[in-house]
Each structure stands twice: as structure tokens, then as C-alpha cells.
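**Q** Provided below are the primary sequence and the corresponding predicted coordinates.
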Amino acid sequence: MLENLREEVWKANLALPRNNLVVETTGNVSGLDKESGLVIIKPSGVNYSTLKKEDLVIVDLEGKIVEGKKKPSVDTSHHLYLYQNLKDVGGVIHTHSPYATMFALLEQPIPVYSTAHADIFGVKIPCTPYVDNQADHIGKAILRCREEGCPAILLGKHGLFTFDETPAKALRASIMLEYVAMIAKGALELASVLGVNLSAMPSEEVEIWYARHHGGGYGQDE
Ligand SMILES: [Zn+2]
């Protein structure tokens, strides 16, 4: 079980640079094994190009290292806080992916401008006020500000977290958040150049798109 999770967490970490969500050694993915209560997370300061599966660190929910020769990510405590406080979360990702972080720097949520955003998230992507990285400040800010059911949140002046049932699902939320932020930024700039307004989608319409995407019928039956 733990080896399957290690593979999934490793692959999700490697997908971050491939999708232009991280630079250098920033960013990290973790996964929770619900049965044992153990968390597998990227080691601190290791470049993705040299990251091996065995480099991943296993910690318990209190942050004690259970297995691994390297130090876990400096963001481990924030990941653990989310696992401790959000039921059903089994994968957490933190990045400073550029387009989403532009909104975070301005401490602005991303309204639902597009059907792609409505499909995946169904609500605006909220943004926390700036908090420092001490103790549980980041975790608490996320819990206070998150939208129920939305697997993504912007962190003021900082970056973003995504969290979902599995690391693979959290990765999808990270990729889609960056795409949604990119087209929102472009549309806002175009609107300003053209002297027109960019409006958010009406919430009834957002609900219809979200329900179609999540209520079955989308994709292939397994
Ligand atoms: Zn960060």
C-alpha cells in the first residue's frame, strides 16, 4: 500500500516541473496513507531532476520521521495540518505556480470567469490574507478562508495549496488552477485594452457546468 502511494507521490512531484508549476527546488507534493496515518512527502531542497523515489520521506501525523535519510520539506507542518483538519484529504500540493501566484500577490480571489473553472472548481478560488510561515498560521488561514468542496486556495503574497482525495487529484487541481489563472489574467488584460468589462459567470450557470462535470456522464465509464 505504502509503496503504491510512494510511486504516486513521486510521479506527482515530477509532474510539477513538467507542467511549469515550479522552478528550482520550490514546491512539494505529499500523500497520506489513511490506514497507517503515515505521510509521504518530498525531501527539502532536492531538485526534481535528481529526485528519486527513495528520497521521499515518510513522517507520522506529528511530523516525526519514520523512514528516509533526507529532511522532509520545510512545508511539512502545513501539509500535516491539512491532513489533521480536513476529512477525506489524502493528497496535498504546495507551489508558487506563476499565474495563480500573480493573483495571490494581489490578495485577490479568482472569480469563475470560464466554463473550465466552473467545471473543475464550481466556486471562486479564494485567497487568504498574508500570513507568515510560523507554526500553524498557514494551515489556520487556509481553513478559515477555503470554500467548502473546493480543492484549491491562494495564499496571500505567497502561492497556493491544492488538496484532494489523492495526490493525483490534487495534481489535477494544481494544473487546472494554473490554467484557470492564466486565462483569467489574459482576459482581464484584454478587457482593459479593449475597454470592456470581464464579468464572472452567473452562479446558476456555474452550478450547471459543475454538476455535469462531477455528476457522471463526463469522461469514460471505468
Ligand atoms: Zn511556499
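**A** That came in fine, so what should we check first?

**Q** Centre of this structure to the edge, which residue is at the far end?
**A** residue 195 (33.2 Å; C-alpha atoms, centre = their mean).

**Q** now the strands for this protein?
**A** 28-33, 38-41, 57-60, 65-67, 91-95, 127-128, 152-155, 159-164 (DSSP state E).

**Q** ok, and for the second one, which residues are buried?
**A** Residues of strand 38-41 classed as buried under the neighbour-count rule (16 or more other C-beta atoms under 10 Å) are 38, 39, 40, 41. All C-beta atoms are positioned from the backbone trio N, CA, C, and that covers glycine.

**Q** so what's the last one closest to, chain neighbours aside?
**A** Among residues not flanking residue 41 along the chain, residue 30 sits closest, at 3.8 Å (C-beta to C-beta, 6 or more residues apart in numbering).

**Q** hey, what's the residue nearest to the spatial centre of the chain bridged with?
**A** Centroid-nearest residue in the chain: residue 162, 1.9 Å away (criterion: C-alpha atoms, centre = their mean). When assigned by DSSP bridges, residue 162 has beta-bridge partners residue 93, residue 152.

**Q** if we can go back for a sec, of all the buried residues of strand 38-41, which comes closest to residue 130?
**A** Closest approach to residue 130 among these (C-beta to C-beta): residue 41, at 24.4 Å.

**Q** was I right about that closest one contacting residue 74?
**A** No: Residue 41 lies out of contact with residue 74 (C-beta atoms under 8 Å); the separation is 10.5 Å.
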